[in-house]
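Peer 1: sequence? don't have it. structure:
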């Protein structure tokens, strides 16, 4: 949560000169939860070292294939909720934008799932960029909401 949610709260508080709106808090929490997937993907870089040192990261504990699926699931589900909320809050174009980047992420996930150990760093650059792009689209959607 400190990786994504805390910066959102802090930035929103500074820019609004007060407490962030409930919508900002909810979206920040959702993207913070999804960031757990980013952290799992980061753990792939140290997979062999973690094994040797007895560090029980998710890629070590679950294996690369399952850890990749967990990471992607944890990143995708909050984004689906963000899309639904943006549509509910009468931000359909923003919801479509987040849906679009999520669809491209799904394609990137299929590439990574073919060889998670080798492709996790690639997905970390590609899929995470798309994740952050969706986050920025959501931020623009929240701009001006009471």
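Peer 2: Arrived safely. Values in this document were obtained by computation on a predicted structure and should not be read as measured data.
Peer 1: in this structure, which spans are helices?
Peer 2: With DSSP state H as the criterion, the chain has helices at 5-16, 22-43, 47-53, 58-62, 64-88, 92-114, 116-142.
Peer 1: switch those helices over to TSV; also include mean pLDDT and mean neighbour count.
Peer 2: Where C-beta positions appear, they are placed from N, C-alpha and C, glycine not excepted. Shown next, in TSV, are the helices of the chain (pLDDT from 0 to 100; neighbours: other C-beta atoms under 10 Å):
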stretch	mean pLDDT	mean neighbour count
helix 5-16	66	15
helix 22-43	88	20
helix 47-53	78	13
helix 58-62	84	20
helix 64-88	96	19
helix 92-114	97	17
helix 116-142	92	19
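Peer 1: stretch 41-52: end-to-end distance?
Peer 2: 18 Å (C-alpha to C-alpha, to the nearest Å).
Peer 1: identify the residues contacting it?
Peer 2: 55-60, 64, 67-68, 71, 116-117, 120-121, 123-124, 127-128 (C-beta atoms under 8 Å, 6 or more residues apart in numbering).
Peer 1: likewise for stretch 109-129?
Peer 2: Residues contacting stretch 109-129 (C-beta under 8 Å, 6+ apart): 38, 41-42, 44-45, 47, 59, 64-65, 67-69, 72, 75-76, 105, 108.
Peer 1: how does it look with 6 Å?
Peer 2: 38, 41, 44, 64, 65, 68, 72, 105, 108 (C-beta atoms under 6 Å, 6 or more residues apart in numbering).
Peer 1: would you list these in a markdown table and tack on distance to residue 97?
Peer 2: Listed next are the contacts of stretch 109-129 as a markdown table, based on distance: C-beta to C-beta, whole Å:
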| residue | distance to residue 97 |
| --- | --- |
| 38 | 20 |
| 41 | 23 |
| 44 | 28 |
| 64 | 31 |
| 65 | 31 |
| 68 | 26 |
| 72 | 20 |
| 105 | 13 |
| 108 | 17 |
